[in-house]
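Q: Got a predicted model here, sequence first, then my questions.
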Amino acid sequence: MAQIPAGANRPGQLSPKQTGDAWEQQARRWLEHNGLRFIAANVRARGGEIDLIMQDGAVTVFVEVRYRASACYGGAAASVTRSKQIKLLHTARLWLARHNGSFETVDCRFDVIAFTGGRIEWFKNAFGE
């Protein structure tokens with residue numbers, strides 16, 4: 001992984017944003033290596049953000065990237081709560097509308113890339129409407 005500068009107020013440590021960006025970049029590279037094509041990153045809308053939007057053949061894939069240092073509290077995947085899923089669905093709906101689409105007209109899915117400790121897990125179609 002590329003070197004990322006340390007946080008300004010914590011020499012030698014990354015800020016939470018820098019840490020998140022680094023894991024999202026790693027997830028993007030991993031997904032591209034597995035055949036997906038990058039569309040967008042850090043898509044924001046009222047009340048939510050989508051980490052990555054990728055293309056898997058004809059399918060638009062909305063990706064949530066999570067990292068946890070260990071599985072002591074359920075691991076990274078367990079942190080994608082129903083509340084978070086609802087925010088992601090809402091943000092994806094708005095993004096699709098801005099691109100002349102909807103859940104009814106565009107084949108899409110929601111994936112989770114979970115980094116727990118040194119392990120990566122890819123949960124395809126992790127949740128839906």
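A: Nice, I can see it.
Q: Run the chain-centre distance for the least confident helix or strand in the chain by mean pLDDT.
A: Every helix and strand of the chain was ranked by mean pLDDT, DSSP states H and E. The lowest is helix 16-33, at a mean of 85. Counting by Cα atoms, centre = their mean, to the nearest Å, helix 16-33 is centred 8 Å from the centre of its parent chain.
Q: Who are the packing partners of it?
A: strand 37-45, strand 48-56, strand 59-68, strand 108-116, strand 119-127 (3 or more Cβ pairs under 8 Å, 6 or more residues apart in numbering; DSSP states H and E). No exception for glycine: its C-beta is placed from N, CA and C like everyone else's.
Q: Out of those, which gets nearest to residue 77?
A: strand 108-116 (4.0 Å; Cβ to Cβ).
Q: Partner strands of that closest one and their direction?
A: Note on strand 108-116: by DSSP bridges, its sheet partners are strand 59-68 (parallel), strand 119-127 (antiparallel).
Q: So which bits of it are buried?
A: The neighbour-count check on strand 108-116 (16 or more other Cβ atoms under 10 Å) flags 108, 110, 111, 112, 113, 114, 115, 116 as buried.
Q: Residue 49 touches residue 43, doesn't it?
A: Yes: the pair formed by residue 49 and residue 43 meets the contact definition of Cβ atoms under 8 Å, at 6.6 Å.
Q: Need the residues touching each of those two.
A: Contact criterion Cβ atoms under 8 Å, 6 or more residues apart in numbering; residues shared by residue 49 and residue 43: residue 91.
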